[in-house]
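> here is a sequence with its predicted model. Questions after.
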Amino acid sequence: MSTLIEVRDLSKVYIRGKQKVEVLHHIDLDVQQGDFLALMGPSGSGKTTLLNLMGGLDAPTGGAITVGGERIDQLGGAALAKWRASTVGFVFQFYNLMPMLSAQRNVELPLLLTKLSAAERKKRAAIALQLVGLADRAAHKPTELSGGQQQRVSIARAIVSDPTLLVCDEPTGDLDRQSAEDVLTLLQALNREHGKTIVMVTHDPRAAARASRTLHLDKGTLVSAAEAMA
């Protein structure tokens with residue numbers, strides 16, 4: 001199994017007024033192709049910041065991030081946007097769906113950045129919705145769907161461009177238990193049956209248990225499970 005993500009000596013500092021806030025401290029991390037990694041830690045531990053850095057949504061203050069052989073910390077804005085569009089699918093806690101668009105149109109949105117025809121975009125969106133079990137809800141708008149169904153639409157949107165990597169930030173955080181279990185089962189299937197590499201931030205041990213492995217962050221550093229429990 002090859003390494004997909006290499007994080008080396010990664011640091012992130014935010015400047016707030018005259019104050020420097022060090023969020024991540026010299027992180028080293030490898031994620032293998034086909035891995036399903038859960039990142040856990042208390043609020044403010046830096047787990048979402050680390051996720052955003054690996055997904056190319058933010059830039060590090062120091063260190064290197066290599067994804068699929070590409071040093072993404074060295075990419076400029078336009079090149080990074082193009083890399084994200086072709087490589088990463090994003091799943092957020094609050095779905096981020098466009099309320100006036102149908103499920104089908106929401107799923108198509110990432111494909112608007114490509115040169116695909118309208119017919120091909122529609123076809124790929126339909127396949128993605130079928131994969132998440134919502135082919136019969138394609139014409140429904142978000143307000144006509146349950147929270148669990150909206151999250152599955154967002155997952156269909158994340159996979160429609162066939163990304164190498166899925167980054168998920170608290171994907172079950174706004175769901176009831178049964179809907180959360182359904183979403184986690186879907187993520188497991190995408191990992192095991194479709195080979196998607198997944199990095200998921202979660203505060204829920206039951207969600208983390210669905211991953212292949214779990215790493216813990218505390219105050220911007222990676223710690224062992226025993227240290228996290230202390």
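That came through, no problem. Residues are numbered from 1 along each chain as shown.
> state the mean pLDDT of the helix or strand hosting residue 130.
In the assignment (DSSP states H and E), residue 130 maps to helix 118-131. If you average the pLDDT over helix 118-131, you get 90.
> partner residues bridging the residue positioned nearest the centre of the chain?
Central residue of the chain (CA atoms, centre = their mean): residue 167, 1.5 Å from the mean position. Residue 167 has the following beta-bridge partners by DSSP bridges: residue 90, residue 199.
> OK, contacts around it?
Applying CB atoms under 8 Å, 6 or more residues apart in numbering to residue 167 gives the contacts 51-52, 54-55, 88-91, 198-200. No exception for glycine: its C-beta is placed from N, CA and C like everyone else's.
> run the last query once more with 7 Å
51, 54-55, 88, 90, 199 (CB atoms under 7 Å, 6 or more residues apart in numbering).
> per-residue pLDDT of the spatially closest residue to residue 101 that is not a sequence neighbour, please?
In this structure, residue 101 finds its nearest non-sequential neighbour in residue 141, 7.0 Å apart by CB to CB, 6 or more residues apart in numbering. On pLDDT, residue 141 comes in at 94.
> again with residue 227
Reported pLDDT for residue 227: 54.
> quick one: the top helix by length along the chain to helix 118-131, angle?
The longest helix of the chain (DSSP state H) is helix 177-192. For helix 177-192 against helix 118-131, the angle between stretch directions is 120 degrees (axes from the mean of the first three to the mean of the last three CA atoms, to 10 degrees).
> between the contacts of residue 167, which has the most around it?
Ranked by neighbour count (other CB atoms under 10 Å), the contacts of residue 167 have residue 199 at the top, with 26 neighbours.
> now the helix or strand hosting residue 11: average pLDDT?
For residue 11, the enclosing helix or strand under DSSP H and E is strand 3-16. Over the span of strand 3-16, the pLDDT mean works out to 92.
> pull the distance from it to the chain's centre.
Its chain's C-alpha centre lies 16 Å from the corresponding centre of strand 3-16 when counted by CA atoms, centre = their mean, to the nearest Å.
> pull the CA atoms of the helix or strand following that strand into PDB?
Using DSSP H and E, the helix or strand that follows strand 3-16 in sequence is strand 19-32. Below are the C-alpha coordinates for strand 19-32, written out as PDB (Å, rounded to 0.1, in the frame of the first residue of the first chain):
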ATOM      1  CA  GLN A  19      -1.400  37.800  19.500                       C
ATOM      2  CA  LYS A  20       0.100  34.700  17.800                       C
ATOM      3  CA  VAL A  21      -2.000  31.600  18.300                       C
ATOM      4  CA  GLU A  22       0.000  28.400  17.600                       C
ATOM      5  CA  VAL A  23      -2.600  25.800  16.500                       C
ATOM      6  CA  LEU A  24      -0.400  23.000  15.200                       C
ATOM      7  CA  HIS A  25       3.100  22.100  16.400                       C
ATOM      8  CA  HIS A  26       5.500  20.200  14.200                       C
ATOM      9  CA  ILE A  27       3.100  17.500  13.100                       C
ATOM     10  CA  ASP A  28       4.500  14.400  11.300                       C
ATOM     11  CA  LEU A  29       1.800  12.100   9.700                       C
ATOM     12  CA  ASP A  30       1.500   9.500   7.000                       C
ATOM     13  CA  VAL A  31      -1.900   8.400   5.400                       C
ATOM     14  CA  GLN A  32      -1.800   5.400   3.200                       C
END
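> perfect, I'm done here.
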